[in-house]
Every structure is written in structure tokens, then in C-alpha cells.
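Undergrad: What follows is a predicted structure for the sequence shown.
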Amino acid sequence: MVVGICVGETNLNEVTFISNEMPQVGQYVTIEYDGKKVLGMVENLVRGNDALNVDINDFKAIQKISKIGVDDNYIRGKVKILGDVNDDLRIPRTPVLPGTEINLADADMLNEIFKVKNPIKLGTLVNQNDVEVNVDANPILSRHLAILAMTGAGKSNTVSVLIDQLLSYNVPVFVFDMHGEYKGAEFPNGSVNVIKPKINPTYMSFLEIKNLVNIPANAYLQERYFRKAFKEAKKQIEDGTAFEKNFLQLMYDILEIDSLEEGSDKRIVDVMNKIDDSMDKYSNLFDQNTGNILSSIKKAHVNVLDLSQVDEYVASVLVSHILRNSLNRSKKAAHSGNREELLENSVFYILEEAHILAPNKRDSDSKRWIQRVAREGRKFGLGLCLVSQSPKTVDHDALSQMNNMIILRLVEPEDQRHVQSASESLSQDLINQLPSLNVGEAIVLGLMSKVPTLVKIDKFQGRTHGDDMDIVSFFKDSVKKEAKEIERQEDELMDMGYDY
């Protein structure tokens, strides 16, 4: 089917065309020239009429022309060149000849393009529902992924579809679940392993605890007293003489004994005060009886760290602790030359509410370790997926390391600009499509896909708690229940001989 004809000057990246029939933005087309069959995507369309151009300012004249009817409507569009179908989608080195016909790409050819070695089925093409969209799992796991959308655009459904597909490969998925969406979820391809948000201080480094208590880097005497208490507290825990005390409380008690000695340094009390402040923030974080969180990760499971009942400070500590230990463990395996152990330690981390855990305009421990894993993780088998409904507030450095993106509807211009600046392959024409996407539709691009794609994401077949609450139905039903209960009580009273 002929979509249009190339007109004007062409280049290696795009061509302009005129059409008699209206194609659709996002449709794939083919252009044959110089012995090549080149794949392209319709990225821009305008419709106009020379008789009703913007130079006519007389309303009545335009009204008369419109009533008479005009036949010189035109359709002009732009096609982005994606590559030569017969040359592994490499960009051709010669531009299209003006006057060349543009044809709609057939389903068989597109199905061949979306065949990948380790397929993850996301859905179907928005404009051709007979073409499945499969992306490659390996580039997602090794080169990271961002799933971005405004609230209500289908982000949770997309994450769930992705998780379920990864479970079919027995990949250990670890979700930092900020709102408890996944702790009670059901996945057709795997089970959920809920992990409590607790840290055994035995597995924490001195630097982690020091940052937690906010001992400044230049406070050398405070650090010396703090280090002494830290070592003594760890020793008591390992010896079994800590008597189930909170780790910070244990350090506080050790320092308190030192502070009562005659002539003791007042800086000890300064450290005690900082520990006391930290106990208010992190009172429920430590558990000497829990194991290393990393040892709780199960293959072929969604490993869910339930952060719904903790505040932002505790969430940041947990994220930084897990990512730091995971990266260090994998680095140790890599340096020992044990490739099997390195692969055994591979994990795909999904960070919900990435704008909270990796904020763009302020520092946090979790942000620093997210950045580290984003930069270094691919060499050590660690993958990241940043999920956010507020892309503009996600750290730009971390976002720019996401070599794959699934972008659902985004209306906010600042969100769009922030995402575009972090992605080399997101053109302005694709950005312009984001506000017009329907719920569940997404632009998919990056190393996981051979070509940028407009996808209708599949409906997740399992169960999560990410859907919007039906508040109206709840209150309607509650009123009915109250009325029935009143009626039941009245019937009971009448049976007992009371008359109304």
C-alpha cells in the first residue's frame, strides 16, 4: 500500500512526503531505492489546504469557501529513517531520491524485525495489533531501564508485565516497593518473596553507621569515640552479650559509661546526642536476629522489600545498604575470576518512586549508590530499573545511564525536556507524541529494541494492588450496609416485642 511520495530535499535521517491518504503517526513504512529496502517510521503529520491558508483573514470569505467545498487538501508528513532491512538496519549512506514512493510495511517483515534471542513480550504495535512487540531481555538486565509516565498512564501494569516476563527466565527480581503494591501480588510465572525492611548491623560498615548518625568527616575526635563504640557494640553482638538491645542503643550505653568517667571529653556527649537523634529516626531499622538481606533473595521470585511502613530516611538507608553490598559482592566475585559466582550474584533491581530514592536536586545515600550501580553495575551483572511518575525530579546522571526506556503518557513539558536530555535516541517528534498517548500506550526505545516503537502494553494477567481505588463504590456500598444493619436491628427489636 502506497503511503506517499518523497518530496523536497532528503537526507540520511529523514524524508518529507506528500500523501493522498492519511497514514498514522508511529506506522512503519518502507522506501525502496538504489537496491535497498529502507525501514522508516512516520513521526510527524500535518493536513492543510491552499485555499484556506493563514493569509486569509476574512471570516466570511473562509466560510463561503468552506461551504462551496475544496478538493485541494494535502497531507504532509515526515519519516524518520531507521535503517536498511537487508543490512541489519544500518543507516544507508545515500539519501532517498525525491519522487520515490513510500509503502506501508507489511506485518510479516515487522514480525521478523521484532524477533529477538531472549524475547520479552510487551504488547502489540499501536497501529498494527497483529504485530507482537518483543524486546531483548539481556540489554534490559545489563544496560538498565527506565519506566516513566504520569499518574494513571499504565506504569504499574507495565512494571508487572515486565516482571512476569523476566520470571519466565528465572531471573531474580528485587523490588524496592514504596507503596506495598507487590507484597501481595500474584504472578503467573513466579512467586513473591516478601523481605522485611530490617538490617542486621553486623553486615553494615562503619562508614554506613557513621553517615547514619551524621558524624562529619572533619570531626576527628567524635569519629574516634564513635569508632570505639561501634567496635565494642559489634563485639558484644558477636559474643552474644548484647541482650537483644537496639544497635544504636548499645553504642549509646557504651559511650554513656565513658562519659561518666571523671575528666571525660565533652565530645563524647556530642556523639551520644547524635546517636539519640538517630534512634528516633531509625528505631525500627535494626534487628540483630535477621540475616543478610542479600542471602534472602530467591531465584524465579519477585523479591519484594516492603517499604510502605517506613519513612524516606529509612528507605534511603536500606536502598544504599543493599546496593552497596550487592555491588561489592559482585566485584569481589569478578576480581577472583569466578564467572559462575558472578552470574550467581546477578540481580535486577526495580526502584519504584525513583524520584524519592534518587532525587535530582539533593543528595542522599541511596542516590549515590543508585548512581554507582547505574555506572558500574552492567560489568558485574547488576541491572537497574528506575520507575517514576515525576521524571523531572529523578537524578539526571542516573537517568542518563538507563540505555532503555519505556515512556508512557507525559504531559508536563519539563518532564519531557528532562527525559529527552537524558536519552540520545528520543527525538523531538517522538516527544511531541507523548501527550497524545492513551492509557497503556508507550514509546519503547533503546538497546532492547532494534527500532523505536509505539506499543500497546499487554494487560497484566496476574494481580497487584497498584490500581486506583474505587472510592465512590466504597462509600455507596458502606451506606447500603449501614441501612441494612439498621433494618436488621429494628427487626430484632420488633421480634422482642418493641413497636415502632
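TA: Nice, I can see it.
Undergrad: thought residue 15 was touching residue 96?
TA: Yes: using CB atoms under 8 Å, residue 15 is in contact with residue 96, at 5.0 Å. C-beta here means a position set from N, CA and C on the backbone, and glycine is covered the same way.
Undergrad: Which neighbours do these two have in common?
TA: Shared contacts of residue 15 and residue 96, defined by CB atoms under 8 Å, 6 or more residues apart in numbering, comprise 6, 31, 81.
Undergrad: For those residues, pick the one with the most neighbours.
TA: Neighbour tally across the shared contacts of residue 15 and residue 96 (other CB atoms under 10 Å): the maximum, 23 neighbours, falls on residue 31.
Undergrad: Spatially, which residue comes closest to that residue, not counting chain neighbours?
TA: residue 38 (4.7 Å; CB to CB, 6 or more residues apart in numbering).
Undergrad: for residue 447, same thing?
TA: residue 139 (3.9 Å).
Undergrad: who touches the strand or helix carrying that neighbour?
TA: Following DSSP states H and E, one finds residue 139 within helix 137-143. With contact meaning CB under 8 Å, 6+ apart, helix 137-143 is reached by 117-120, 162, 165-166, 169, 171, 346, 348, 378, 381, 383, 385, 403-404, 446-448.
Undergrad: Residue 15 and residue 96: which is more packed in?
TA: Remark: of residue 15 and residue 96, residue 15 carries more neighbours, 28 against 25, as counted by other CB under 10 Å.
Undergrad: which stretches of the stretch 351-500 of the chain aren't confidently modelled?
TA: For the stretch 351-500 of the chain, the stretches flagged by pLDDT under 70 are 465-476, 497-500.
Undergrad: the helices in it, which residues?
TA: Remark: helices assigned in the stretch 351-500 of the chain by DSSP state H, counting those that start in this stretch are 354-357, 365-376, 396-400, 413-422, 428-431, 471-495.
Undergrad: what's the fourth one packed up against?
TA: Read that as helix 413-422. Counting contacts by 3 or more CB pairs under 8 Å, 6 or more residues apart in numbering; DSSP states H and E, helix 413-422 packs against strand 145-148, helix 396-400, helix 428-431.
Undergrad: okay, those, which one's buried deepest?
TA: Most buried of those, by mean neighbour count (mean count of other CB atoms under 10 Å): strand 145-148, with a mean of 27.
Undergrad: and the next helix-or-strand element following that one, average pLDDT?
TA: Following strand 145-148 in sequence order, the next helix or strand is helix 155-167 (DSSP H and E). Across helix 155-167, the average pLDDT comes to 96.
Undergrad: Now for the residue sitting nearest the centre point of the chain: which residues touch it?
TA: In the chain, the residue lying closest to the centroid (CA atoms, centre = their mean) is residue 387, at 2.1 Å. By CB under 8 Å, 6+ apart, the residues touching residue 387 are 146, 147, 148, 155, 159, 350, 351, 352, 353, 354.
Undergrad: Who wins on neighbours among these?
TA: Counting neighbours by other CB under 10 Å, residue 148 leads the contacts of residue 387 with 33 neighbours.
Undergrad: Find the nearest non-adjacent residue to that one, please.
TA: Spatial nearest neighbour of residue 148, chain neighbours left out: residue 391 (4.7 Å); criterion: CB to CB, 6+ apart.
Undergrad: List the contacts of the one you found.
TA: 146, 148, 355, 399, 410, 415, 418, 419.
Undergrad: Any chance of the residues you listed in TSV with distance to residue 435 as columns?
TA: Output for the contacts of residue 391, formatted as TSV (distance: CB to CB, whole Å):
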residue	distance to residue 435
146	19
148	14
355	20
399	20
410	7
415	10
418	15
419	13
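Undergrad: Among those, which one lies nearest to residue 250?
TA: residue 355 (35.3 Å; CB to CB).
Undergrad: Count the neighbours of the closest one for me.
TA: 18.
Undergrad: Same check on residue 325?
TA: For residue 325, using other CB under 10 Å, the count is 19.
Undergrad: helices or strands up against the stretch of helix or strand it belongs to?
TA: Using DSSP H and E, residue 325 sits in helix 312-335. When contacts are defined as 3+ CB pairs under 8 Å, 6+ apart, helix 312-335 sits against strand 173-177, helix 206-213, helix 266-282, helix 339-344, strand 347-351, helix 354-357, helix 365-376, strand 382-388.
Undergrad: Between the helices of the stretch 351-500 of the chain, which one is closest to residue 88.
TA: Closest of the helices of the stretch 351-500 of the chain to residue 88 is helix 428-431, at 22.5 Å (criterion: CB to CB).
Undergrad: which intervals of the stretch 1-150 of the chain have sub-threshold pLDDT?
TA: Under the criterion pLDDT under 70, the flagged ranges of the stretch 1-150 of the chain are 51-72.
Undergrad: can you give me the helices in it?
TA: Taking DSSP H, counting those that start in this stretch, the helices of the stretch 1-150 of the chain run over residues 59-68, 107-113, 137-143.
Undergrad: I'd like to know how far residue 149 sits from residue 230.
TA: Per CB to CB, to the nearest Å, residue 149 is found 43 Å from residue 230.
Undergrad: of the two, who's got more company?
TA: Shown here are residue 149 and residue 230; by other CB under 10 Å, residue 149 has more neighbours (27 against 22).
Undergrad: Just confirm the more buried one contacts residue 405, I think it does.
TA: No: in this structure, residue 149 is not within contact of residue 405 by CB under 8 Å, at 10.9 Å.
Undergrad: Would you mind listing the buried residues in stretch 247-257?
TA: 247, 248, 249, 250, 251, 252, 253, 254, 255 (16 or more other CB atoms under 10 Å).
Undergrad: Those in helices, which ones?
TA: The subset of the buried residues of stretch 247-257 located in helices under the criterion DSSP state H comprises 247, 248, 249, 250, 251, 252, 253, 254, 255.
Undergrad: Of all the helices and strands packed on helix 413-422, which one is nearest residue 50?
TA: helix 428-431 (24.3 Å).
Undergrad: got JSON lines for the contacts of residue 387, with distance to residue 191 too?
TA: Listed next are those as JSON lines, based on distance: CB to CB, whole Å:
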{"residue": "146", "distance to residue 191": "26"}
{"residue": "147", "distance to residue 191": "22"}
{"residue": "148", "distance to residue 191": "28"}
{"residue": "155", "distance to residue 191": "23"}
{"residue": "159", "distance to residue 191": "17"}
{"residue": "350", "distance to residue 191": "16"}
{"residue": "351", "distance to residue 191": "21"}
{"residue": "352", "distance to residue 191": "19"}
{"residue": "353", "distance to residue 191": "24"}
{"residue": "354", "distance to residue 191": "25"}
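Undergrad: Which of the contacts of residue 391 sits closest to residue 433?
TA: The shortest gap between residue 433 and any of the contacts of residue 391 belongs to residue 410, at 9.9 Å (CB to CB).
Undergrad: give me the number of residues near that closest one?
TA: Considering only other CB under 10 Å, residue 410 is surrounded by 24 other residues.
Undergrad: cool, and residue 227?
TA: Residue 227 is flanked by 14 other residues according to other CB under 10 Å.
Undergrad: Distance of it relative to residue 234?
TA: Counting by CB to CB, the gap from residue 227 to residue 234 is 11 Å.
Undergrad: in the sheet, who's paired with the closest residue to residue 457 other than its chain neighbours?
TA: Closest residue to residue 457 apart from its sequence neighbours, by CB to CB, 6+ apart: residue 123 at 4.4 Å. Beta-bridge partners of residue 123, counted by DSSP bridges, are residue 133, residue 457.
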